[in-house]
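>>> I would like the atomic coordinates for the input below:
(4 chains)
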There are 2 protein chains.
Amino acid sequence: MARTQGSHSDITGPRVRDTALRLFARHGYAAVSMRQIAREVGVQAGALYNYTPDKQSLLFDLLKGHMDDLLAAHAAQPDAGAPLAELEQFARFHIRFHHDRPDAVFISYMELRNLTPENFEVIEGLRRSYEDRLEAILRRGVEAGVFDVAEPKIAAMAVIAMLTGVNTWFREGGRLSLPEVEEIYWDMVHRAVATSPPQHPA
Amino acid sequence: MARTQGSHSDITGPRVRDTALRLFARHGYAAVSMRQIAREVGVQAGALYNYTPDKQSLLFDLLKGHMDDLLAAHAAQPDAGAPLAELEQFARFHIRFHHDRPDAVFISYMELRNLTPENFEVIEGLRRSYEDRLEAILRRGVEAGVFDVAEPKIAAMAVIAMLTGVNTWFREGGRLSLPEVEEIYWDMVHRAVATSPPQHPA
DNA sequence: GGATTATCTGAACGCCCGTTCAGATCAAAG
DNA sequence: CTTTGATCTGAACGGGCGTTCAGATAATCC
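Below you'll find the model as predicted:
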């Protein structure tokens, strides 16, 4: 028996990627076998090789796809104008985007070491270009006199680390909503880099 | 041939742990085999079981040891007095301590999911108690009126994420020394939570 | 409705895994 | 100098690994 009703490349392909993403995030790339992925997809292990040349490519494509999505989504943000508004937009965008795809974010951090050197370089390059965008915002703000940051590159790393950290503890249905969290983090980022800190009522 | 000259529990034991720590950090727990560890230690795989009941315990002991070290080292810090001084001490301590043991820090983040549920609970408990210490500092500062932080728990998470982030990019021999990095990060943390931000010369 | 082609099965390939254990080896104790 | 006990070897255990591929199946095309 093969090719059960309605199964196509268009259906099985995404299911393979989704399942791999979920399992890699949950147990780690090395701990997940092709047979495990196949079982959850509802197919034999050999069939996976219609959708990926090998396990390594499966991981790489997930990471590459995530980074491409991130850069594209960020590029699609409307022009905010002034550096302060751009920084706020970046902070809120980063929190929301990462919140929406915790598994992809997780493996993009965790599984870098399981990439071949060439694949690693590609992903690292994409990550750097994302960091560069924040760094550029900070530099513009320094020039404009609204940010007080001696080392924009380091400040960018610090801000990204802080914002990404939301994913490690935030859970839907907790005491705070995501917009509330967004507000708290933006406030801290703002104060950490701005020349004149935001004024709080009372 | 067995028991080559000078090999004792006192020598092989630590070597097993050191090697496991390094390999786990480099390739991931699941990707490292007991035979690989044994080979680097210079021993057959079976001999490892004189030093650990199984692979899982090896991982757990490394994480547990790291967290115990962290809490003990932090507890050994002298009393700084005022909340602002305590926060500064915490920030500088955190950066230095994590900088000194990048492998242990790395696996303490990465390999949590490879712990059994019971072991996971233990490590999580220790981590929470470290976070609680920072949260307590922030709460004292809010009471004293020197910190402006609406959510001390979240601010603690944000500060820790930011500070731990140093390990992801800092390399010895780079443009900046660790004390310089410490200064930059402390400045950002300070401004992010303090009521009156630090005054910069000129 | 017959031929074509995409899709999948099921078995096999060589290899490595964590763990156990009887027996060999050697340092230290008496 | 013998005995003891800690330490290690080397082989084995059952099982899972990533990947390949001939052949079976079913959707699609003419």
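
>>> other SSEs contacting the helix or strand of chain A with the lowest mean pLDDT?
The weakest-scoring helix or strand in chain A, judged by mean pLDDT, DSSP states H and E, is helix A:9-27 (a mean of 94). Counting contacts by 3 or more CB pairs under 8 Å, 6 or more residues apart in numbering or on different chains; DSSP states H and E, helix A:9-27 packs against helix A:34-41, helix A:55-75, helix A:102-110. C-beta coordinates here come from the backbone N, C-alpha and C atoms, glycine included.

>>> and the ones you listed: which comes nearest chain B?
Smallest distance to chain B across the helices and strands packed on helix A:9-27 (CB to the nearest CB): 5.7 Å, for helix A:102-110.

>>> can you mark which positions in the closest one are buried?
Neighbour-count burial for helix A:102-110, counted by 16 or more other CB atoms under 10 Å in any protein chain shown, picks out A:Asp103, A:Ala104, A:Val105, A:Phe106, A:Ile107, A:Ser108, A:Met110.

>>> isn't the second one up against A:Lys64?
No: if you go by CB atoms under 8 Å, A:Ala104 and A:Lys64 don't touch, sitting 10.8 Å apart.

>>> which one of the buried residues of helix A:102-110 sits closest to DNA strand D?
The closest of those to DNA strand D turns out to be A:Ile107 (CB to the nearest atom of the strand; 15.0 Å).

>>> go ahead and confirm that closest one touches A:Asp61.
No: counting by CB under 8 Å, A:Ile107 stays clear of A:Asp61, with 11.5 Å between them.

>>> rewinding a little: is the least confident helix or strand of chain A positioned near DNA strand D?
No: Helix A:9-27 lies apart from DNA strand D when judged by CB under 7 Å from any atom of the strand; the minimum separation is 9.6 Å.

>>> spell out which residues of chain A are next to chain B.
Within chain A, the positions near chain B by CB under 8 Å from any CB of the partner chain are A:26-31, A:110, A:113-114, A:148, A:150-151, A:154-155, A:157-162, A:164-165, A:168-169, A:176, A:181, A:184-185, A:188-189, A:191-193, A:197, A:200.

>>> restricted to buried residues, select those in ChimeraX.
If you want just the buried ones from these in ChimeraX, going by 16+ other CB under 10 Å, the selection is:
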select /A:28,29,30,31,110,114,148,151,154,155,157,158,159,160,161,162,164,165,181,184,185,188,189,191,192,193,197
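
>>> the residues of chain A next to chain B in strands, which ones?
Assignment to strands by DSSP state E places none of the residues of chain A next to chain B there.

>>> contacts only, for the residue lying closest to A:Arg140 once chain neighbours are set aside.
Nearest non-adjacent residue to A:Arg140, counting by CB to CB, 6 or more residues apart in numbering or on different chains: A:Pro83, 4.7 Å away. Residues in contact with A:Pro83, defined by CB atoms under 8 Å, 6 or more residues apart in numbering or on different chains, are A:Ile137, A:Leu138, A:Arg140, A:Gly141, A:Ala144, A:Val146, A:Phe147.

>>> the fifth one is in contact with A:Glu86, isn't it?
Same thing as A:Ala144. No: contact criterion CB under 8 Å: A:Ala144 and A:Glu86 do not qualify, at 10.6 Å.

>>> quick one: which of the two has more around it?
A count of neighbours by other CB atoms under 10 Å in any protein chain shown puts A:Glu86 above the other of A:Ala144 and A:Glu86, at 20 against 12.

>>> check which helices and strands the helix ranked longest in chain A sits against.
Longest among the helix segments of chain A by residue count, using DSSP state H, is helix A:117-144. Applying 3+ CB pairs under 8 Å, 6+ apart, we find helix A:117-144 packed against helix A:55-75, helix A:83-100, helix A:152-164.

>>> for these, give me JSON lines that also has mean pLDDT and distance to B:Arg92.
Converted to JSON lines, the helices and strands packed on helix A:117-144 look like this (pLDDT from 0 to 100; distance: least, CB to CB, whole Å):
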{"stretch": "helix A:55-75", "mean pLDDT": "98", "distance to B:Arg92": "33"}
{"stretch": "helix A:83-100", "mean pLDDT": "98", "distance to B:Arg92": "26"}
{"stretch": "helix A:152-164", "mean pLDDT": "98", "distance to B:Arg92": "15"}
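
>>> right, so those helices: which one is the most enclosed?
Of the helices and strands packed on helix A:117-144, the one with the most neighbours on average (mean count of other CB atoms under 10 Å in any protein chain shown) is helix A:152-164, at a mean of 23.

>>> so what touches stretch A:142-162?
A:82-84, A:87, A:91, A:94, A:131-132, A:134-135, A:138-139, A:141, A:185, A:188-189, A:192-195, B:158-159, B:161-162, B:164-165, B:168-169, B:176, B:181, B:184-185, B:188, B:200.

>>> how about stretch A:14-27?
When contacts are defined by CB under 8 Å, 6+ apart, stretch A:14-27 is touched by residues A:32, A:36-37, A:40-41, A:48, A:51-52, A:58-59, A:61-62, A:65, A:102-104, A:106-107, A:110-111, B:30, B:113-114.
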